[in-house]
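K.L.:
Please find the sequence and the predicted model below.
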Amino acid sequence: MSESPAHPPVHVLYLAGSGRSGTTVINSLLGQLPGCFAAGELRYLWERGVGQDHTCGCGRPFSQCPVWTAVMKRVRDDGIPLDEAAIGRRLLRRLRILRLPLLLLRRAAGRPAVPFHADDGHIARLYRAVADETGSSVVVDSSKLPPYGLLLSQLPGITLSVLHVVRDPRATAWSWRRVKASRDRDDAGLMHRHETWKSSSLWTLWNLLSAFLWRADSPQVCRVRYEDFVRAPQESMAAVARMIGADPHDLPFVGPDSVQLSPTHSVAGNPNRHDTGVVQVRADVEWQSAMPARDRALVSALTLPGLAVFGYPVLPRRHTRPRPAGPASSISEKGTH
């Protein structure tokens, strides 16, 4: 895919970090900006969208969503046979954790970190199709995985900005242990859960790698702690809007911590991507009183390097008083991706 004045590169805002950090909420919020399209976790489109027909953020199955139907028609209309399921399987293999040392060695040697594959043309066409079909100037992708962000950064026709979202690892570990219903399909059951040791290890790996790959002092990189976002959402998102060339005054805030959300077409992510209407941005700190001391200690030990880098206390204060229930319509940290 060559660039030309009539076909400028697609601007992708990539939300990097680890799971259950609030990227689904931020994806929906930024998707309300004029010219921004909240795509959700596009690395899962081939598997969860095309293959498993998960529910789009608009509430329709992926195969019945008019936006994704039109986008996939553009992707397929190049005359090249397209096996979407195989692309999804190969993408997962290409980005496995075990391949990470090799990816970093290739990057240090000045080579493309993720080796070229014929699938890359289809992936690049997907982003072009999203931009062309929706008329968006920025595609917001909340895929998070750093190796996938590396892949996007080396694809022709894509310009990458990065928003690295970090959340206290004790909060993310607690979120991964919650039992929460999925709304991806009628028979989807419960959301996937991680053991505390695994979520903590992934938190350390993905967040430190994101900080290494994308320095916060770069003009096209912004780092936001989710705790700071819920404390001052307008200020946090205004900085991101300016980074991608949007007007912060167009952010959908109707109050200091309230936003007006219209439906998005997020292809994958937390069930919060289906939230619409006026919702409140508020902190969920249930973990501070409910998380067992042994689990808090385990998480703190496994994430110690990241705690120092991102400014989190090693021994957070334990809260025992129950927090009053918030309003029914609200966006919180609870179960967010």
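P.N.:
Thanks, I have the structure now. Residues are numbered from 1 along each chain as shown.
K.L.:
Which residues are in contact with residue 262?
P.N.:
Residue 262 sits next to 32, 276 when contact means Cβ atoms under 8 Å, 6 or more residues apart in numbering. The C-beta positions use only the backbone N, C-alpha and C, and glycine is treated the same way.
K.L.:
Can you tell me how far it is from residue 35?
P.N.:
The gap separating residue 262 from residue 35 is 14 Å, by Cβ to Cβ, to the nearest Å.
K.L.:
Residue 13 and residue 30: what is the separation?
P.N.:
7 Å.
K.L.:
Quickly list what's touching both of the two.
P.N.:
36, 140, 240.
K.L.:
most centrally placed residue in this protein?
P.N.:
With distances taken as Cα atoms, centre = their mean, the chain has residue 142 as the residue nearest its mean C-alpha position (2.2 Å).
K.L.:
tell me what the helix or strand containing that one is packed against?
P.N.:
Secondary structure from DSSP states H and E places residue 142 in strand 138-144. In terms of contact count using 3 or more Cβ pairs under 8 Å, 6 or more residues apart in numbering; DSSP states H and E, strand 138-144 is assigned the packing partners strand 10-17, helix 23-30, strand 36-40, helix 119-134.
K.L.:
Nearest to residue 82, out of these?
P.N.:
helix 119-134 (6.3 Å; Cβ to Cβ).
K.L.:
Could I get the average pLDDT for the closest one?
P.N.:
Mean per-residue pLDDT for helix 119-134: 96.
K.L.:
and what of stretch 235-246?
P.N.:
Mean pLDDT, stretch 235-246: 98.
K.L.:
one step back: comparing residue 13 and residue 30, which shows the higher neighbour count?
P.N.:
Neighbour tally, residue 13 and residue 30, criterion other Cβ atoms under 10 Å: the higher count belongs to residue 13, 29 against 25.
K.L.:
Need the helices and strands packed on strand 138-144 in JSON lines (columns: distance to residue 105).
P.N.:
Supplementary listing: the helices and strands packed on strand 138-144 in JSON lines, determined by distance: least, Cβ to Cβ, whole Å:
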{"stretch": "strand 10-17", "distance to residue 105": "21"}
{"stretch": "helix 23-30", "distance to residue 105": "28"}
{"stretch": "strand 36-40", "distance to residue 105": "31"}
{"stretch": "helix 119-134", "distance to residue 105": "20"}
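K.L.:
can you tell which of these is closest to residue 217?
P.N.:
Ranking those by proximity to residue 217 (Cβ to Cβ) places strand 10-17 first, at 15.7 Å.
K.L.:
So which residues lie in contact with the closest one, not counting its own?
P.N.:
23, 26-27, 30, 36, 127-128, 130-131, 137-146, 149, 152, 157-167, 206-207, 210, 213-214, 240, 244.
K.L.:
Which among those residues count as buried?
P.N.:
Buried residues within the contacts of strand 10-17, defined by neighbour count using 16 or more other Cβ atoms under 10 Å: 23, 26-27, 30, 36, 127-128, 130-131, 137-146, 149, 152, 157-158, 160-167, 206-207, 210, 213-214, 240, 244.
K.L.:
Which residues belonging to stretch 257-268 are considered buried?
P.N.:
For stretch 257-268, the buried set under the neighbour-count rule, 16+ other Cβ under 10 Å, comprises 257-259, 261, 263-268.
K.L.:
Could you list the low-confidence segments of the stretch 201-337 of the chain?
P.N.:
318-337 (pLDDT under 70).
K.L.:
and the closest residue to residue 36 other than its chain neighbours, what is it in contact with?
P.N.:
Nearest residue to residue 36, sequence neighbours excluded (Cβ to Cβ, 6 or more residues apart in numbering): residue 138, at 4.6 Å. Counting by Cβ under 8 Å, 6+ apart, residue 138 touches 11-13, 33, 35-37, 244-246.
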